[in-house]
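S.K.: the sequence and its predicted three-dimensional model are supplied below.
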Amino acid sequence: MADELVNLTIDGYPVSVPKGTTLIEAAKQAGVLVPHYCYHPSLSAPAVCRMCLVEVEKSPKLLPACVTTVAEGQVVHVNSPGAKKAREGVLEFLLINHPLDCPICDQAGECELQDFVFQEGRPSTRYSEFAKRYNPVEDFGPDVLYVPNRCILCTRCVRFMDEVAKEPVLNVSERGDRAYIGIAPEQRLDHPWSGNVVDLCPVGSLISKDFLHKARAWELDKTAGVCTGCTQGCNVMVETRDNVVVRIRPRPNLEVNRHFICDYGRLNYRWMNRGDRIEAPLVREESGEGFRAVDWDTALARLRALVAGGAGRGAGRAVILASGMASTESLGLVRRLLDRHDVTAAIQVPVGEEAPLPGVPNLALRRERIPNLDGALLLGYGLDWSGAVAAAREASLVVLLDVILTPEEEAALADRTVVVLGTVAAEQERFAQLILPITNPVEESGTFVNRDRRIQRYLQAKAPPGMARPAWWIAAEAMALGAATPTSAAEALEYLGESVPALAGVTHAELGLTGRVLAGAGAAAEVAR
Amino acid sequence: MGYPHPPHPKETVVLSKHFGDAEARTFEGWVTRGGYEGLKKALGMTPEQIIEEVKASGLRGRGGAGFPTGLKWSFVPKNDGKPHYLVCNADESEPGTFKDREIMRWTPHGLIEGVAIAAYAIGSERAYIYIRGEFTEPWRIMSAAVEEAYRHGALGGNVFGTGKRIDITLHRGAGAYICGEETALLNSIEGKRGNPRIKPPFPAIAGLFGMPTAVNNVETLAAVPHIILRGAAWYTGLCLGNPKSTGTKLVSICGHVQRPGNYEVTLGTPLKEILYDMAGGPRPGRRIKAVIPGGSSVPILTAEEADATIFDYEGVVAAGSMLGSAGMIVMDDTTDMVYQIMRLARFYAHESCAQCTQCREGTAWSTRILERILAGNGKPEDLELLLDLADNMTGKTICVLSDSCAAPIVSGIKKFRGEFEAYLKKLRQPALVAV
Amino acid sequence: MSDTVGAPRGPQRGASAHGGHGTEADAAYQPVFVGETRAKLEKLFEQYPTKQACLLPALWMVQEQRGWISERAIGEVAEVLGLTPAYVKGVVTFYTMYHTHPVGRHFIQVCTTSPCNICGAEDVVKAFLQHTGCGELGATSADGRFTVIEVECLGACGFATPVLIDDDFHESVTPEGVPALLQRYK
């Protein structure tokens, strides 16, 4: 029976887990961390680091918690003197050839060797007077350096490339204390998902060139995000230092990306730090030449006037040309803002090559390189971009939501009433009536709906520049809803739930940080695709 | 017999009867000497009958662990529809042990017979004999013998006209002591690094290519035809009092004795008789200082302890060591115990597969400390350090290579502490140049 | 007692990773697994349920023909057996009998593990180093004739000191016997 429960005690805590659970996972349930290196929940368990040895009553030897499965009535001690002595021994053995170069090691501060040695290692080494093993640093691939001296031979990287990426270019070479991680002759660690070996490495042996010496781990602020790279919706941690995004790393979500992200998503963050941002609302001068920076009240008044259609052109037709980077909240409220118009809305979908991670079902860098395609579809945005651009020629009002247009597309809007909600200063000055600064996805909280209709939250990771606001806020304020005006992304989503059946009852609070799949009514979106 | 010496009257010659007799190597020579009768008889029995007979004989694994052979075979599932494999471990690499080499060199057909019987008993149509890469001569002899056996219908699709299929493939190792560990050996046959596997699952359930497998040592399998032919009762009769240790055992003696070689004794023979009567005792004017009774992985005995030891599985344990592979290394009073323990540690450091932390780092570190002591740079705390490292290396890894490195260090320090201290206190000239 | 500490510790990492290896120009590489050798390997396939199991035998075939296993040969073996070069290299470097760089015409392996060591094996090593002109362990003599290494236990401890020269196993070799023995290897 799959759901048969086994009862056991771990460090005095009773716990019931499904039959077949390993002790290391059962201990997690009991709130007990079993220190480990080679074990990783998304890889096979070779039980080689011997760090997770625990005492199991009635067993003559310590047992590796990563491969020992639970048994009824078992009494397990993770922190008994015997288990602690064994760990202290392993830590000492791991350190004899490990350079104490933590001051220049990128892993310092988030190093599992450092952590566990600090926690329960010996205060000093007994490996005195001997030289440590020395091997030169190797360039493994586009974003991975191998520092063999720091390697503890846990083999996570080898197993990842073998079992998950299914491109086994790494191996364990030689044997005994001469062993090291080798790379195939004339091959590179350049699989589209190979950057994960850097995260998997429990020490600073495999390091990212992109992050090299950029920041110390303890200087980083970490915020739960969702990757904006494609429609997969991988959960990520956005790591900032002094309001600058310096690293994107995977955040576990067993339903979406397990523990991994692709290199495209990992390295696609520089735009988040762009300096050429629109920082204040800009309204076109009455003369028609140039813009004037205004406060939000002035800007919103102007927006309301434009939406009300004062210019009398095009008989109430409006077009929204939007970016798939926009949150569900922003797409939804901008759409609601134009409710009294005959609206054509479309999103821009840049495409690239698909790059699956073969060892994980339904995980790939997707062709559609935007995070909120399905969110846009369920809010009534279409995919007929050129049709929407053509419609814009006739529209009385055109709203551009953070899109960059081609010169031809711009030409189509030459004499239209155009409102730009944008992040970066582009050429919009040529044709826009009103330019409103909005936040980018790391400067706001919101939700994206991924390709499996999973709605997931992301949180604000850094402060927005100048007067930039989330697009949903601008739309909400312009709608003048009075007391019903949403004041947060969470309220914005709830407001949308009142009119969009798929979002009815969905709240930020219940989504937590791993999201949930939206119920029902997926068909329309699928047909649209 | 005490090859290369004439048989000693105190030996019980079964497996070694034809050592040194080149004619016994050929198929015809083997048949003339009563060979292949055991296999023929076995083919007339059911697999269950064979397993019962071997169980009743009390035969235990001669490779080192001493696990009852019949019982091991009985763990292989019956009629499960999967291919089964019989694997013969001829990766004899335990320092001090050179008995399987002689079995293969002189009685290759005896081994083939044993392999074939065992394969039949566990329902295996394909057996592999894994011969260590360095054994070039045994490899040539075994290759010729297997070819001959096929030619004479002792192997192949219709063994001796019974319609039964038994194929044997020889597989050559390539220089890795650890492949003598049965699961490492299985990995090696599969074309992998010779890394020991986590047990469970045991090979009887999921072994070679994931299929039910029995792995047996050369000497174990070579004894099987004799048991089948002469009966379990005959074999249990080869016993000097301890019913748990039956039959004969080849003892490899090397080092400081007058007649090093292989002696076949009934289990239960006093170790003293093997050492002094058969192997001729120490060289003239010398005194035996230490004996490692079961291959280099077992604790060292002092001469006095060795003299009082009864040579069978339980007897050697009672003396504080293990029978192991019965490769007996004898060291006389000229031996620098510290140096030799360093050599053993260096051996294990060289052979560690690199999987488990304690073994990979511990064997190398222990070696360095021993080298430091020998170079005259030892520290007063080095012996306690070695003992503590040994404790951290014992009982904590996937296989016992790490334990095997620790055993001679621990017993060496315990029993010959004075020699270590002589280096530490600089009472003795350094034996190594510091590097 | 000897004063050497020259244990066979395997190649240094730096050497193996950065050009210490022998190299074979692409153009010069002739495949091993053609004709008879190919047929021999194919016949071996019948004896195992997987091609991978033929890895050790295939590597032996390469070494028998070429004297050592180059990276190009690793690539060829990987291709023939449906494995990856990284995998094959991991296996090659595990087993000490496979040469990952060229060695002398005659490869001399002297056992110096404890049982032989106490019977004077290190003096036998010295004799080999002296009479082959190799000078040091692992080095190849100037005439390309010999390479001498120490090995761990050859499994003939009762016949100290055993020496493996190419595929010939010599028992009870003494320092005095070394010159005559070497005469047999040109």
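M.R.: Great, that's in hand. Numbers count the residues shown, from 1 in each chain, chains lettered A, B, ... in the order given.
S.K.: any regions of the chain where pLDDT drops low?
M.R.: Using chain A. A:1-2, A:310-315, A:428, A:520-529 (pLDDT under 70).
S.K.: that was the other one, I meant chain C.
M.R.: For chain C, residues meeting the criterion pLDDT under 70 lie at C:1-27.
S.K.: distance check, A:Leu53 against A:Tyr39.
M.R.: Counting by C-beta to C-beta, to the nearest Å, the separation of A:Leu53 from A:Tyr39 is 12 Å. Quick note: C-beta positions are derived from backbone N, CA and C, even for glycine.
S.K.: more neighbours, the two?
M.R.: In this view A:Leu53 and A:Tyr39 are compared by other C-beta atoms under 10 Å in any protein chain shown, and A:Leu53 has more residues nearby, 30 against 26.
S.K.: wait, that one touches B:Lys396, no?
M.R.: Yes - using C-beta atoms under 8 Å, A:Leu53 is in contact with B:Lys396, at 6.1 Å.
S.K.: need the overlap of contacts for those two.
M.R.: Counting by C-beta atoms under 8 Å, 6 or more residues apart in numbering or on different chains, the contacts common to A:Leu53 and B:Lys396 are A:62, A:86.
S.K.: chain C: helices as residue ranges?
M.R.: For chain C, applying DSSP state H gives helices covering C:13-17, C:35-45, C:55-66, C:71-81, C:85-92, C:114-117, C:121-132, C:178-183.
S.K.: for the fifth one, name the packing helices and strands.
M.R.: Packing partners of helix C:85-92 (3 or more C-beta pairs under 8 Å, 6 or more residues apart in numbering or on different chains; DSSP states H and E): strand A:170-173, strand A:180-183, helix C:55-66, helix C:71-81.
S.K.: take the ones you listed and write them to CSV, including distance to chain B.
M.R.: Below are the helices and strands packed on helix C:85-92 laid out as CSV (distance: least, C-beta to the nearest C-beta, whole Å):
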stretch, distance to chain B
strand A:170-173, 6
strand A:180-183, 9
helix C:55-66, 3
helix C:71-81, 7
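S.K.: how about these, which one is nearest A:Leu333?
M.R.: Nearest to A:Leu333 among the helices and strands packed on helix C:85-92 is strand A:170-173; the distance by C-beta to C-beta comes to 48.2 Å.
S.K.: so what does that closest one touch, helix or strand wise?
M.R.: helix A:156-159, strand A:180-183, helix C:85-92.
S.K.: any idea which of these is most buried?
M.R.: With neighbours defined as mean count of other C-beta atoms under 10 Å in any protein chain shown, these peak in mean count at helix C:85-92, which reaches a mean of 25.
S.K.: could you check how far that helix is from the centre of its chain?
M.R.: Here helix C:85-92 is found 17 Å from its chain centre; the criterion is C-alpha atoms, centre = their mean, to the nearest Å.
S.K.: before we move on, what about stretch B:194-206?
M.R.: Its chain's C-alpha centre and that of stretch B:194-206 lie 19 Å apart, by C-alpha atoms, centre = their mean.
S.K.: stretch A:56-69 now?
M.R.: That offset, for stretch A:56-69, works out to 37 Å (C-alpha atoms, centre = their mean).
S.K.: got the buried residues for it?
M.R.: For stretch A:56-69, a neighbour-count test (16 or more other C-beta atoms under 10 Å in any protein chain shown) marks A:56, A:62-68 as buried.
S.K.: now do stretch B:186-201
M.R.: For stretch B:186-201, burial by neighbour count (16+ other C-beta under 10 Å) applies to B:186-198.
S.K.: tell me the one of those residues nearest chain C?
M.R.: For the buried residues of stretch B:186-201, the residue nearest chain C by C-beta to the nearest C-beta is B:Gly191; the value is 3.3 Å.
S.K.: from B:Pro200, how far out is the closest residue to the closest one other than its chain neighbours?
M.R.: In space, B:Gly191 comes closest to C:Leu55 once its chain neighbours are excluded; the distance is 3.3 Å by C-beta to C-beta, 6 or more residues apart in numbering or on different chains. According to C-beta to C-beta, C:Leu55 stands 26 Å off from B:Pro200.
S.K.: what sits against the residue in chain C sticking out farthest from the centre?
M.R.: Distance from the C-alpha centroid of chain C, by C-alpha atoms, centre = their mean, peaks at C:Pro49 (28.2 Å). Listed by C-beta under 8 Å, 6+ apart, the contact set of C:Pro49 reads B:83, B:209.
S.K.: isn't A:Arg304 right next to A:Ala478, touching?
M.R.: Yes - here A:Arg304 reaches A:Ala478: they are 5.4 Å apart, a contact under C-beta under 8 Å.
S.K.: who touches B:Val224 in this structure?
M.R.: Contacts for B:Val224 were tallied using C-beta under 8 Å, 6+ apart; they are B:38, B:54, B:59, B:69, B:113-114, B:117-118.
S.K.: quick check on the closest residue to A:Leu62 other than its chain neighbours: phi, psi?
M.R.: Leaving aside its chain neighbours, A:Leu62 sits nearest to A:Leu53 (3.9 Å; criterion: C-beta to C-beta, 6+ apart). As for A:Leu53, its main-chain torsions (degrees, to the nearest 10) stand at phi -60, psi 130.
S.K.: quick check: beta-bridge partners of A:Leu53?
M.R.: Here A:Leu53 sits in beta bridges with A:Pro64, going by DSSP bridges.
S.K.: against A:Pro41, how distant is it?
M.R.: Noted for A:Leu53: a distance of 19 Å to A:Pro41, by C-beta to C-beta.
S.K.: which non-adjacent residue is nearest residue 57?
M.R.: I'll assume chain A. Closest residue to A:Glu57 apart from its sequence neighbours, by C-beta to C-beta, 6+ apart: A:Val75 at 4.1 Å.
S.K.: my question was about chain C, not that one.
M.R.: C:Leu44 (5.6 Å).
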